[in-house]
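>>> whatever this is, show me its structure:
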Amino acid sequence: MMKTGTALSAFAASLLLSTAASADLSLLTWEGYADDSFVGPFTEATGCEVSATYVGSGDEFVAKMASAHTTYDLVSPASDIALRLADLGVVEPVDMSRVPHAADFAPAFRNPAWLTRDGEVYGVPYTFGIIRVIATPDAAVSADASLEVFWDPAHKGQVALWDDIESLYMAARYLGYDDVYNLNEMQLAATQEALSKVMPSVRKLWFSAGELDNLIQSGEVKLTNAWETNLINAWNAGTEVVEVIPPQGRGAWSDAWMISDGAGDNDCVYQWLDYVSSPKAQALGNAVTGFGYSNPKMVAELDEQSRTYMQRLGMDNPDILMAVDWWQPVPKRPAYLQAWNQVKAAN
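Next up is the predicted model:
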């Protein structure tokens with residue numbers, strides 16, 4: 001997964017180092033998750049100096065932690081990666097009693113399945129996003145349209161798709177599969193075939209939110225899966241878009257802070273975990289990323305426009321958060337990646 005927030009540039013695919021490695025707290029994280037706007041107040045309050053190593057994909061988290069997890073104190077992977085790190089033994093369980101602000105988390109983020117193994121909790125939920133389906137008004141797509149609209153030949157040359165296996169998940173939902181993260185061989189083949197039938201309608205596969213913004217706002221595409229960022233940027237640009245909530249459901253991701261094995265003895269670790277779980281710190285984070293955050297009290301700390309956007313997107317609604325299909329580890333991830341690459345290569 002590659003993230004792009006409202007105020008962020010495109011994520012670098014290569015390693016970025018922000019501060020000296022001699023800091024009290026070393027983070028392996030996404031760009032924007034160690035911004036000075038909220039790291040500064042943390043350091044001032046605790047005396048803990050923070051350094052950050054930035055990554056550009058979920059698989060990079062796995063590679064770096066597998067080879068040198070002792071280099072980092074905390075790591076912030078997405079929900080489809082988190083338990084892979086637990087299974088590798090490179091992260092340790094979290095003592096949630098030492099994270100008091102977690103008591104205010106939305107129900108979806110209290111001991112979620114993607115952070116729990118054998119009764120132990122391995123991470124503190126932080127950010128989240130829902131994979132949106134959006135269309136321009138001239139696409140004539142209703143707000144409750146089925147995912148079938150992607151297969152409608154009337155949209156030939158007007159569709160964009162995220163260049164990610166999330167598009168494979170979407171096709172699997174269209175086919176009616178309940179567990180899109182654990183398809184059997186026959187289901188995966190059927191999903192690949194179904195998605196291949198969409199590709200003739202695809203004008204562009206997008207990789208960054210900025211790239212998709214340009215496609216939408218220029219009118220080059222009329223139907224796509226997207227991020228919240230794209231809706232917000234369209235609204236800010238005065239571009240009309242319709243958000244579609246398909247009956248087949250929507251995917252969603254959540255990033256969490258996880259403790260590198262052996263780092264829990266560092267006092268700065270739990271101070272950070274509770275700090276970034278607080279409404280004020282999460283509001284500062286939202287100003288940088290535009291993402292949703294685990295503590296719904298964060299919304300009250302936002303400026304009026306940001307609060308309006310969060311509410312309009314339903315990101316403060318616990319019912320919506322309980323209804324989405326949260327990303328989970330994909331046991332057959334190499335096969336999924338192969339299927340998606342074959343879809344792309346054939347078109």
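>>> all contacts plus neighbour counts: C-alpha atoms, from now on.
OK.
>>> next one: Asn341 from Asp163, what distance?
For Asn341, the distance to Asp163 equals 9 Å [CA to CA, to the nearest Å].
>>> more neighbours: which of those two?
Between Asn341 and Asp163, counted using other CA atoms under 10 Å, the more crowded position is Asp163 (18 against 15).
>>> Ser51 - that's part of a strand, no?
Yes - the assignment for Ser51, made by DSSP: H, G, I helix; E, B strand; the rest coil, places it in a strand.
>>> which residues touch Ala226?
Under the criterion of CA atoms under 8 Å, 6 or more residues apart in numbering, the contact list for Ala226 reads 131-134, 162, 209, 212.
>>> same deal with Ile131?
Per CA under 8 Å, 6+ apart, neighbours of Ile131: 225-228, 250-253.
>>> the helix or strand hosting Tyr336 - contacts with which helices or strands?
Assigned by DSSP states H and E, Tyr336 falls within helix 333-345. In terms of contacts (3 or more CA pairs under 8 Å, 6 or more residues apart in numbering; DSSP states H and E), helix 333-345 is packed against helix 185-198.
>>> would you check which pair of the contacts of Ile131 lies furthest apart?
Taking CA to CA, the two most distant members of those are Asn225 and Trp253; they sit 14.0 Å apart.
>>> neighbour count winner among these two?
Summary of the neighbour comparison: Asn225 and Trp253, criterion other CA under 10 Å, with Asn225 having more neighbours (23 against 18).
>>> restricting to C-alpha, output the longest strand along the chain in PDB.
Scanning the chain for the longest strand, with DSSP state E as the assignment, gives strand 251-260. Extracted in PDB, the C-alpha atoms of strand 251-260 (Å, rounded to 0.1, in the frame of the first residue of the first chain):
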ATOM      1  CA  GLY A 251     -12.800  -2.300   1.900                       C
ATOM      2  CA  ALA A 252     -10.900  -0.300   4.600                       C
ATOM      3  CA  TRP A 253      -7.400  -0.100   6.000                       C
ATOM      4  CA  SER A 254      -6.100   0.800   9.400                       C
ATOM      5  CA  ASP A 255      -2.600   1.500  10.500                       C
ATOM      6  CA  ALA A 256      -1.400   0.700  14.000                       C
ATOM      7  CA  TRP A 257       1.700   1.400  16.100                       C
ATOM      8  CA  MET A 258       3.400  -1.900  17.000                       C
ATOM      9  CA  ILE A 259       6.300  -2.300  19.400                       C
ATOM     10  CA  SER A 260       9.500  -3.900  18.100                       C
END
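>>> could you point out which element follows it?
Of the helices and strands lying after strand 251-260 in sequence (DSSP H and E), the nearest is helix 267-275.
>>> just give the nearest non-adjacent residue to Val62, would you?
With CA to CA, 6 or more residues apart in numbering as the measure, Leu85 is the residue that lies nearest to Val62, at 6.6 Å, once sequence neighbours are left out.
>>> that neighbour falls within a helix, correct?
Yes - assessed with three-state DSSP, Leu85 lies in a helix.
>>> show the contacting residues for it.
With contact taken as CA under 8 Å, 6+ apart, Leu85 is in contact with 62, 65, 91.
>>> same check, this time on Val180
Applying CA under 8 Å, 6+ apart, we find Val180 in contact with 169, 172-173.
>>> which one of the residues you listed is nearest Asp261?
Taking CA to CA as the measure, Asp261 lies nearest Tyr169 of the contacts of Val180, at 31.7 Å.
>>> tell me the mean pLDDT for the helix or strand containing that closest one?
Taking DSSP H and E as the criterion, Tyr169 maps to helix 166-174. Helix 166-174 shows a mean pLDDT of 97 in the predicted model.
>>> equivalent analysis for stretch 128-137, please.
Per-region confidence: stretch 128-137 scores 96 on mean pLDDT.
>>> so how far is stretch 229-241 from its chain's centroid?
Centre-to-centre, stretch 229-241 and its host chain are 19 Å apart (CA atoms, centre = their mean, to the nearest Å).
>>> can you map out the helices along the stretch 101-250 of the chain?
Shown for the stretch 101-250 of the chain, the helices assigned by DSSP state H, counting those that start in this stretch span residues 166-174, 185-198, 209-217, 228-237.
>>> ok now the longest one, how far from the chain's centre?
Once both centres are worked out by CA atoms, centre = their mean, helix 185-198 turns out to sit 24 Å from its chain's centre.
>>> contacts for it, please.
150-151, 168, 171-172, 175, 177, 336, 339-340, 343, 346-347.
>>> who wins on neighbours among those?
Ala171 (27 neighbours).
>>> so who does that residue touch?
With contact set as CA under 8 Å, 6+ apart, Ala171 has these partners: 191, 194-195.
>>> give me that answer again for 10 Å
The contact partners of Ala171, by CA atoms under 10 Å, 6 or more residues apart in numbering, come to 147-148, 150-151, 165, 177, 180, 188, 190-196, 198, 248.
>>> just the buried residues from the residues you listed, in PyMOL please.
Paste this into PyMOL to select the buried members of the contacts of Ala171, with burial taken from 16 or more other CA atoms under 10 Å:
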select buried, resi 147+150+151+165+177+180+188+190+191+192+194+195+196+198+248
